[in-house]
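[1] Generate coordinates for the sequence data below:
(chains A, B, C and D)
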Protein chains: 2
Amino acid sequence: MEASRVKLMLVDDHPLVRDGLRLRLATVPGFEIIAEADDGVAALAALERQEPDVVLMDIAMPGANGIELVKKLHELYPQVQVIMLTMHDQPQYVVEAFRQGARGYVLKDSPAQEIVAAIHAVMAGKRYYSAGVADALAAGATPAPLLTQREQEVLALIAEGRSSKEIASSLNLSVRTVETHRLNIKRKCELEGSSALVKFAVERKWTGL
Amino acid sequence: MEASRVKLMLVDDHPLVRDGLRLRLATVPGFEIIAEADDGVAALAALERQEPDVVLMDIAMPGANGIELVKKLHELYPQVQVIMLTMHDQPQYVVEAFRQGARGYVLKDSPAQEIVAAIHAVMAGKRYYSAGVADALAAGATPAPLLTQREQEVLALIAEGRSSKEIASSLNLSVRTVETHRLNIKRKCELEGSSALVKFAVERKWTGL
DNA sequence: GGCCGGCTCCGTGCCGCCACATAGGGGAAA
DNA sequence: TTTCCCCTATGTGGCGGCACGGAGCCGGCC
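    The predicted model follows:
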C-alpha cells in the first residue's frame, strides 16, 4: 500500500454512472480520480498523459469492448490494476476478463462500498470478485471459445437476425458453407439448437463482442 | 413552480446509478429526495407512505418493468410526475412510456444536468425529451407492440434460447399452441424469421422487457 | 515434402419452424 | 346479451436448420 493517494481512472460510457462513481469515491480518503473516459480510445489517450494505479472499467461499451481494452491495457501498462464493472454476471466474460489481466470484477447492482473494497484489494495485490461472480467462475470453466475469422463474421450476421441464406449472399458463400460454419460455432461453444446460437450471438454483440 | 422544495423519488435497481442521481441532485437547491426504491414493489410501498412531486424511474428493472410501473403509478397517483431514465433510446419504449403517463424521458448517457432540466420542465407542467429521443419519437410511429400475458411468457422463454418444444413442456401447452403464440408475436412486432424473433426477445430481455 | 488446420462445397434424411386457416371455451366490456 | 379478445388446439404444405457423412484447396509449420 503506497503512502500517497491511490490514483483512479474511470472508464464508462454513461455519465450518470461516472457521476455515481466519482462522487462516491471522492468522499473516500486516500482516493483521487485523475482521469475519466467514455470509451476505449479516450481511455488509451488519457493513459498516455497520466498513469493511474487502478482503472475502473465498464465491460460493455460502444466501439472497442471492455475485454479487448483490458487486454491492450495490460500489455501496455502491466502495473496498472484493472477492475471490471458490469451489469450482468455472465460467466464467459468474467473468465475472459481475468484471462486478459483484470484483477477485480464488480457487479453494478452490488452495494457501492464493494467498489471501495475492490480497490483496496487490488492495491494490496489481491484479486476481488463481487458476490455471485465466484459462482460464475466456478460454473464457467470454459476458457475461451476461440472462433476463427470467418466464424466470427458469420456469428456477427447471425446476431443481426439474418438467416443462413441471407448470410451466404452477404459473404458470397454457399448456403451449405454457412451452415457448416454455424455447426462448427455451435460445437466450439457447446450450444444446442439454432435459437441458442442466436441468443449467444446477440449477447456477444451487446457486450461488445 | 411551488414555493416549497421539490420532493423527488428515485427508482432504479442499480445502487450505483441511484448514488449518481442522489449525490448529483442533492447539490441542486430546491430539490429534496424523500424516497428511493430498487424495484416496482418497493416504489409502490414507498408511495403509500409519502407522496413525491416527481418520480425518476429506470425503464429496465427486474420484476415489474418500468412501463407497467408508470401505468400503475399514473392510475393511482395521477398528480405525480414521472420521468423515465434509460440506457437505450428504443422508440417503442419511448412511445409506450408517454402513452402510459410519463412526462419526461432522459437517456442515461446524456449530461447529468439534463435530469435537472427535465425535473424543472415537468414541474412547470411541460414534457421533456432528452436529445435523440425526439428522433426516436419521430421515427417510431409504431404505437405499441402490446403483447398479451401469455405471449410475454413465451417470449421470455424464447429469450432463454429454448425451442418451441421445450417452451411447450415448461408452460404445459401443446407445441402447436406455442407456435401460434410465436406467430402472433412475430405478426405484432413485424418480425421475419425465427432468428429475428430470438434476437428481438434477447434484446428485450437485456433492456429489461 | 509431408502434415495439419481452416475454408470451401456437397448429399441425405430428419426434425423443427412457418404461414395460412379453423375453431371452441372463457372472460370482460359494451 | 352480444360482441370481442385471448388462450387453447389442430391440419397442411413448405422451407430452413441439423447432424451425419465426404471432399478438394490453400497456407503455414515441422
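
[2] Which positions in chain A make contact with chain B?
    Within chain A, the positions adjacent to chain B are A:13-21, A:23-24, A:87-88, A:108-112, A:115, A:158-163, A:191, A:193-196, A:198-200, A:202-203, A:206 by C-beta under 8 Å from any C-beta of the partner chain. For glycine as for every other residue, the C-beta is placed from the backbone atoms N, C-alpha and C.

[3] out of the residues you listed, which touch DNA strand C?
    Restricting these to those adjacent to DNA strand C (criterion: C-beta under 7 Å from any atom of the strand) gives A:194-195.

[4] how far does stretch A:9-28 sit from the chain's center?
    Computed by C-alpha atoms, centre = their mean, to the nearest Å, the chain-centroid distance of stretch A:9-28 equals 18 Å.

[5] Sort out which residues of it are buried, please.
    Neighbour counts over stretch A:9-28 (16 or more other C-beta atoms under 10 Å in any protein chain shown) mark A:9-25 as buried.

[6] Give the burial count for A:Thr148, as a bare number.
    The local packing of A:Thr148 (other C-beta atoms under 10 Å in any protein chain shown) involves 12 other residues.

[7] And for A:Lys188?
    Residues lying near A:Lys188 (other C-beta under 10 Å) number 14.

[8] Correct me if wrong: it contacts A:Leu147.
    Yes. Look at A:Lys188 against A:Leu147 with C-beta atoms under 8 Å: they come within range, at 6.5 Å.

[9] Tell me the residue of chain A that sits nearest chain B?
    Going by C-beta to the nearest C-beta, chain B is nearest to A:Gly20 of chain A, at 2.9 Å.

[10] give me every residue that touches that residue.
    By C-beta atoms under 8 Å, 6 or more residues apart in numbering or on different chains, the residues touching A:Gly20 are A:112, B:16-21, B:23.

[11] For A:Lys188, give its distance to A:Thr148.
    As judged by C-beta to C-beta, to the nearest Å, A:Lys188 and A:Thr148 stand 9 Å apart.

[12] Check what pLDDT the residue of chain A most remote from its centre gets.
    In chain A, counting by C-alpha atoms, centre = their mean, A:Ser174 sits farthest out from the average C-alpha position, at 34.0 Å. You'll see A:Ser174 listed with a pLDDT of 87.

[13] Find the nearest non-adjacent residue to it, please.
    Counting by C-beta to C-beta, 6 or more residues apart in numbering or on different chains, A:Ala168 is the residue found nearest to A:Ser174 once chain neighbours are left out, at 6.2 Å.

[14] from memory that neighbour sits against A:Thr177, does it?
    Yes. Using C-beta under 8 Å, A:Ala168 is in contact with A:Thr177, at 7.1 Å.

[15] out of those two, which sits in the more crowded spot?
    Between A:Ala168 and A:Thr177, counted using other C-beta under 10 Å, A:Ala168 has the larger neighbour count: 20 against 15.

[16] Phi, psi for the more buried one please.
    phi -60, psi -50 (degrees, to the nearest 10).

[17] Next one: it from A:Arg176, what distance?
    Distance, A:Ala168 to A:Arg176, by C-beta to C-beta: 8 Å.

[18] Quick one: name the residues of chain A near DNA strand C.
    Taking C-beta under 7 Å from any atom of the strand as the contact definition, chain A meets DNA strand C at A:148-151, A:171, A:173-174, A:176-177, A:180-181, A:194-195.

[19] are any of the residues you listed buried, and which?
    Burial by neighbour count, 16+ other C-beta under 10 Å: within the residues of chain A next to DNA strand C this picks out A:151, A:173, A:181, A:194-195.

[20] Determine the three-state secondary structure at A:Leu191.
    At A:Leu191 the chain is in coil, as set by DSSP: H, G, I helix; E, B strand; the rest coil.

[21] For burial, what's the neighbour tally of the nearest residue to it once chain neighbours are set aside?
    Closest residue to A:Leu191 apart from its sequence neighbours, by C-beta to C-beta, 6+ apart: A:Leu197 at 5.2 Å. Counted with other C-beta under 10 Å, the neighbours of A:Leu197 add up to 22.

[22] and A:Gly66, what pLDDT?
    69.

[23] just A:Ala102 next, same as before
    So A:Ala102 comes in at 85 (pLDDT).

[24] burial measure for it, as a count.
    Residues near A:Ala102, counting by other C-beta under 10 Å, number 27.

[25] Kindly report the same for the one 10 residues further on.
    By the measure other C-beta under 10 Å, the count of residues near A:Ala112 is 18.

[26] Check A:Gly101 too.
    By other C-beta under 10 Å, neighbour count at A:Gly101 equals 17.

[27] hmm, back to that, switch the contacts of A:Gly20 over to JSON lines; also include secondary structure and pLDDT.
    Below are those laid out as JSON lines (DSSP: H, G, I helix; E, B strand; the rest coil; pLDDT from 0 to 100):
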{"residue": "A:Ala112", "secondary structure": "coil", "pLDDT": "71"}
{"residue": "B:Leu16", "secondary structure": "helix", "pLDDT": "79"}
{"residue": "B:Val17", "secondary structure": "helix", "pLDDT": "81"}
{"residue": "B:Arg18", "secondary structure": "helix", "pLDDT": "84"}
{"residue": "B:Asp19", "secondary structure": "helix", "pLDDT": "81"}
{"residue": "B:Gly20", "secondary structure": "helix", "pLDDT": "80"}
{"residue": "B:Leu21", "secondary structure": "helix", "pLDDT": "83"}
{"residue": "B:Leu23", "secondary structure": "helix", "pLDDT": "78"}
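
[28] now, among those residues, which is nearest to B:Leu56?
    For the contacts of A:Gly20, the closest approach to B:Leu56 (C-beta to C-beta) belongs to B:Leu21, at 6.3 Å.
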